[in-house]
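In: Predicted model and sequence follow; I will ask about them next.
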Protein chains: 2
Amino acid sequence: MNRISPGHAGSPTRDRILQALRVHGPQARVDLSAIVEMSPATVSGVTGELMRAGALREMFGRESDGAESGRSRGRPKVTIALVPQTAHVIAVKLSINEIQVALGDFTGAMARTETVPLDTRALSPADIVITLGDAIERCHRTMAPGYGPCLGIGLAVQGLVRDSDIIAWSPALSVRDVDIVQPLARRFGLPVYAANDANCIAVALRNKPEFQAIDNMAVLMLGTGVGMGLIVGGKVYDGRTGAAAEFGHTKYQMDGPFCHCGRRGCIESFVGDYALYRDARAMLDLPNTDALHPSEEQMQVLCDLAAKGDPVALGLFEQAGRALGFGLTNLIALISPSLILVSGSGVRAYEYLEPSMRRSLQDGLVETLLANTEIRPRPWDEDLTLRGITALVQANAPFQPS
Amino acid sequence: MNRISPGHAGSPTRDRILQALRVHGPQARVDLSAIVEMSPATVSGVTGELMRAGALREMFGRESDGAESGRSRGRPKVTIALVPQTAHVIAVKLSINEIQVALGDFTGAMARTETVPLDTRALSPADIVITLGDAIERCHRTMAPGYGPCLGIGLAVQGLVRDSDIIAWSPALSVRDVDIVQPLARRFGLPVYAANDANCIAVALRNKPEFQAIDNMAVLMLGTGVGMGLIVGGKVYDGRTGAAAEFGHTKYQMDGPFCHCGRRGCIESFVGDYALYRDARAMLDLPNTDALHPSEEQMQVLCDLAAKGDPVALGLFEQAGRALGFGLTNLIALISPSLILVSGSGVRAYEYLEPSMRRSLQDGLVETLLANTEIRPRPWDEDLTLRGITALVQANAPFQPS
C-alpha cells in the first residue's frame, strides 16, 4: 500500500486541512484550527491560498447554518467548504461479474457511478487491462467535464493486491498475478493505486468523524468470502507486500471443510456465504445455485428459515458464529484492536451468529485480554468501497494548487 | 507502551545520531551521516555539541581500526564513539523467583548486573514496590558512581503490563493489577517505564544491525510460557493498553488442555515447558517437579530422550510443533511479518518441533500468503531483556546535554 506512480509531493499542512474538511464537512476557521491542532494564523494562510486557487469557498448565514446544524444560532458564522469540482479521482471497483466506475469529487463523495455487468472470470490478463482502461476512459469522457484535474485512478479489488501493483488473486478472476497498475499508469499518464476492497472500506469508515479517535480497528467483511480491513496506528496495515489482514484464512480446524483458497478449515470455510449455503443444501430443500457465489436472495432464504426457528438453519449459523468467535479470539490476542466492526452483506445474519460468537470469545480469552476490544455490527446499507479508494488516492496523490 | 513519567523532550536529530551509534558502534562522521541520512554538516554540528558535553569522543588510528575491523586499512580514519559513562539507566527484570538489577550504560550495554533470588509469588503488592525500590536504590548506590545522570528506570516484566503502568498479571506474582510505575517514579523522581519482557527482547533484536531494515517482525519466546514481542512499522506493537501480541494465548483447540491463563487449548498449553513436561510425566518415568515451572535440567532430560529417538518424547514435540505451526499460520495470515525469530530457552528443542510446525504451515496457508515470511530459530545464548528495556528507556527519556 505504499507505491503510487508517478509520485507527488504534497504539503503536510495543506493535506491535513483538506482531510479535516473531508471528514468533518464545512467548518468555521476557528473550529478547523482546533481540529487540525494548528494556529489560526497557519489555517488562515493555507485556506487563503486554497481559496485563491478556487478549491475552497466561504459559506454565509443560512447556507452555513445548514452545514452545522448542531451549533447555536447566534451571530451567523462564516464557514469554509471544499469546492467539489476542484479536482477529481476516478474510482473503480472490480468484483465478481461486475465493474463499477465512479467519479469521486474533491470532497471525497461519489458524484456519479456507473455499473457494468460482465463475465469477469472469462477475462484474460490483457482483457482485464483493456476492459478497465476503456471503462476509465469512458468515465473520464462522460463524467469529468466541469471538474478540475484528475488526481489519480484508484482500483478497489476483491482479493489480494500485491505491492499495491499486482492482483495476486481475486475471486472475480480466473487468472492470477495480473499486472494492472503500471499498464494503466502508462495509458493515462496518471498515478494509479490498487488496494484490497476491505481495506478501502476500513479507510472510509476510519474517515467518519465517530471513528477518528480510534487508531487500531478492524473491519470484518462477511459475504461470499470473509475479508478484513485493518487500521493500525491510524493507517491501513497490510504488511510489506499486501498479504496481511487475511482473517478469512486464519484457521478454525486444520482438517475442516474445503475453503475457496484451496486449503481446509479456514474461518471462511465455515462463515462465508458459499460455506453456509453448501451445508444448508445438504440438509434443506433449497434452490440450486452457482455454488461459488450464492445470491443475496438465496442467502435471505436461509435467514428467513432461521427467523422462523428452523433448527437446521439456526444450527448452521450457530456453528458459523462459533468459528467466527474462534477467529476473533486469535485476532484480539494478537492485535487487541479497540474496535471490531462486523459488516458486509453477511451481517444480515448477525443476530443468529452473535450468541455463539460471544461464547467462543468468553471460552477462549481471559477477561484481561478481552476487555480492550469492543465488537459491534455495522449495517451494510452503503457500499463504502469507492469512497475508500478515492480517499486513498487523495492521500497518496494530493492536490496541489497551480 | 506510550507513557513515561515525567516527560522529556529530546531532539529528533540528536536522538537519531545517538541511536545510530548504539546500533552500529563507533563510526567515521561520513559513515554516520550516511546511516542517519543527514548532511555531513548537520552531523558535524550535533556531534560537536555532544563532544563538548562529553558524551562523545574521537578515536584515532589503531583504536579506531579495532572498532570497524571490516574496513580497509588505508589512511587511519577518525571515528566517533559514545562515552559509556555519560549517563545511565537502571534496568530491572522481574521473573519467577528472581529479580535482576543492572546498570545500562550510555552505549546501551549492561555495565554491571546483580541477581537477587527471592520468592516472588509470596510478595504482596506493597512488598513488590518496596523490594524493587530497595534493589534499585542499592544498584544506584553501588553501581552508578562514576556515571553521569540517571535517565530513567526500566522494568521488564514477565506477563502483561497494562498502559506501561500496571502489572496486570505475571506468572512471577500471585497478585494482580500491581500499580508499580507511579510509586517508583514518586520515590526516585525519575521517569519509570515498564514493559513486557518479550517486547524488550524484540526491541533489543531489532536494534541489531542485521535487523534494522526489517520493519515488521515477531520474536517468539518459547519457555515456561510462550511469549511474543511484535515490531510493526519499526516499533513495538502492543495495542492501546498493552494486551496485544499474546501469541501464547491464541487458540489451537477450543476444548484442549488446561492453560496457565485459566482457559483451555491455547498454543501455550501445548508448547510451553509446563505443558510438555506435564504430558511427558504421564507417560515417562521422569523426576517429580514444580509442575508450574519445570527446570532447564528437567526439560533437557526430555530433549535427551528425543535425541535418543524415544518415541514418546518425539511424539510430544511433534504435537507441540503442530500446535505451534497452527498458531504461526494465524499470525502470518493476520500480520504477515517479514521475519519470525523463534527463541527463548525452549528453542533447545527446535529441531524436534520444526518438521511438524512446517507441515502445519504448509497445510494451513496458500503459498501466496506464506511466501512473505521467513521463520528461523535464534539461539538463546544471551538474555537480551535488560538491553531491551534499557533501549526503551533511552528512547523515551532521551539524553539532553546540559
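Out: Ah, there it is. Model, not experiment: these values are computed from the prediction.
In: could you pull out the strands for the stretch 151-300 of chain A?
Out: In the stretch 151-300 of chain A, the segments counted as strands under DSSP state E, counting those that start in this stretch are A:160-162, A:166-169, A:178-179, A:192-196, A:217-222, A:226-232, A:235-236.
In: now the ones you listed as CSV including mean pLDDT and distance to A:Thr107?
Out: Where C-beta positions appear, they are placed from N, C-alpha and C, glycine not excepted. Listed next are the strands of the stretch 151-300 of chain A as CSV, based on pLDDT from 0 to 100; distance: least, CB to CB, whole Å:
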stretch, mean pLDDT, distance to A:Thr107
strand A:160-162, 91, 26
strand A:166-169, 91, 29
strand A:178-179, 94, 32
strand A:192-196, 95, 19
strand A:217-222, 97, 22
strand A:226-232, 96, 21
strand A:235-236, 92, 21
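In: Nearest to A:Gly152 among those strands would be which one?
Out: Nearest of the strands of the stretch 151-300 of chain A to A:Gly152, taken as CB to CB: strand A:192-196 at 6.1 Å.
In: Please list the residues outside the closest one that contact it.
Out: Strand A:192-196 has contacts (CB atoms under 8 Å, 6 or more residues apart in numbering or on different chains) with A:1, A:4-5, A:152-161, A:164-165, A:167, A:180-182, A:184-185, A:227, A:229, A:236, A:238, A:242, A:245, A:388-389, A:392-393, A:396-397.
In: A:Thr107 contacts A:Gln85, correct?
Out: No. Using CB atoms under 8 Å, A:Thr107 is not in contact with A:Gln85, being 10.0 Å away.
In: okay, the two: which has more neighbours?
Out: A:Thr107 (19 against 16; other CB atoms under 10 Å in any protein chain shown).
In: For the more buried one, give me its contacts.
Out: With CB under 8 Å, 6+ apart, A:Thr107 has these contacts: A:Leu21, A:Arg22, A:Leu82, A:Pro84.
In: which one of those is nearest B:Gly321?
Out: A:Arg22 (49.7 Å).
In: Write the PyMOL selection for whichever of the contacts of strand A:192-196 are buried.
Out: PyMOL command restricting the contacts of strand A:192-196 to the buried ones, with burial defined by 16 or more other CB atoms under 10 Å in any protein chain shown:
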select buried, chain A and resi 1+4+5+152+153+154+155+156+157+158+159+160+161+164+165+167+180+181+184+185+227+229+236+238+242+245+388+389+392+393+396+397
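In: where does the closest residue to A:His88 other than its chain neighbours land in three-state SS?
Out: Distances taken as CB to CB, 6 or more residues apart in numbering or on different chains put A:Tyr147 closest to A:His88, at 4.4 Å, once the chain neighbours are dropped. Put simply, A:Tyr147 is coil when judged by DSSP: H, G, I helix; E, B strand; the rest coil.
In: Contacts only, for A:Tyr147.
Out: A:Gln85, A:Thr86, A:Ala87, A:His88, A:Leu103, A:Asp105, A:Ala111.
In: Against which helices or strands is whatever helix or strand A:Ile17 lives in packed?
Out: Taking DSSP states H and E as the definition, one finds A:Ile17 inside helix A:12-24. When contacts are defined as 3 or more CB pairs under 8 Å, 6 or more residues apart in numbering or on different chains; DSSP states H and E, helix A:12-24 packs onto helix A:29-36, helix A:40-52, strand A:79-82, helix A:385-396.
In: Could you rerun that using 10 Å?
Out: strand A:27-28, helix A:29-36, helix A:40-52, strand A:56-59, strand A:79-82, helix A:385-396 (3 or more CB pairs under 10 Å, 6 or more residues apart in numbering or on different chains; DSSP states H and E).
In: mind giving me JSON lines with these and columns for mean pLDDT and distance to chain B?
Out: Shown next, in JSON lines, are the helices and strands packed on helix A:12-24 (pLDDT from 0 to 100; distance: least, CB to the nearest CB, whole Å):
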{"stretch": "strand A:27-28", "mean pLDDT": "94", "distance to chain B": "28"}
{"stretch": "helix A:29-36", "mean pLDDT": "95", "distance to chain B": "21"}
{"stretch": "helix A:40-52", "mean pLDDT": "95", "distance to chain B": "21"}
{"stretch": "strand A:56-59", "mean pLDDT": "94", "distance to chain B": "32"}
{"stretch": "strand A:79-82", "mean pLDDT": "96", "distance to chain B": "30"}
{"stretch": "helix A:385-396", "mean pLDDT": "96", "distance to chain B": "16"}
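In: just those: most buried one?
Out: Ranked by mean neighbour count under mean count of other CB atoms under 10 Å in any protein chain shown, the helices and strands packed on helix A:12-24 are led by helix A:385-396, which reaches a mean of 26.
In: between the contacts of A:Tyr147, which is nearest B:Pro379?
Out: Using CB to CB, the contacts of A:Tyr147 come closest to B:Pro379 at A:Ala87, 55.7 Å.
In: Look at the closest one and say how many residues are nearby.
Out: So A:Ala87, with other CB under 10 Å, has 22 neighbours.
In: Test my guess that it contacts A:Leu190.
Out: No. Using CB atoms under 10 Å, A:Ala87 is not in contact with A:Leu190; the gap is 11.7 Å.
In: any shared contact partners between the two?
Out: A:Pro149, A:Cys150, A:Leu151, A:Gly152, A:Ala397 (CB atoms under 10 Å, 6 or more residues apart in numbering or on different chains).
In: returning to that earlier point: go through the helix holding A:Ile17 and flag the buried ones.
Out: In helix A:12-24, counting by 16+ other CB under 10 Å, buried: A:Arg14, A:Arg16, A:Ile17, A:Leu18, A:Gln19, A:Ala20, A:Leu21, A:Arg22, A:Val23, A:His24.
In: sorry, back to before: among the shared contacts of A:Ala87 and A:Leu190, find me the one that's closest to chain B.
Out: Proximity of the shared contacts of A:Ala87 and A:Leu190 to chain B (CB to the nearest CB) peaks at A:Ala397, which lies at 22.0 Å.
In: any idea how far that closest one lies from B:Glu297?
Out: Distance from A:Ala397 to B:Glu297, counting by CB to CB, to the nearest Å: 62 Å.
In: returning to that earlier point: so can I have CSV of the helices and strands packed on helix A:12-24 showing distance to A:Asp134?
Out: What follows is the helices and strands packed on helix A:12-24, written out as CSV (distance: least, CB to CB, whole Å):
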stretch, distance to A:Asp134
strand A:27-28, 40
helix A:29-36, 40
helix A:40-52, 34
strand A:56-59, 35
strand A:79-82, 30
helix A:385-396, 18
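In: Select, out of these, the one closest to A:Pro355.
Out: So among the helices and strands packed on helix A:12-24, helix A:385-396 is nearest, using CB to CB, at 29.8 Å.
In: And the closest one, how far out from the chain middle?
Out: Centroid separation for helix A:385-396 versus its chain: 9 Å, with CA atoms, centre = their mean, to the nearest Å.
In: likewise stretch A:44-51?
Out: 31 Å.
In: who's in contact with that stretch?
Out: Stretch A:44-51 is contacted by residues A:11, A:13-18, A:21, A:27, A:29, A:32-33, A:36, A:38-39, A:55-58, A:80, A:82-83, A:86, A:399, A:401 when judged by CB under 10 Å, 6+ apart.
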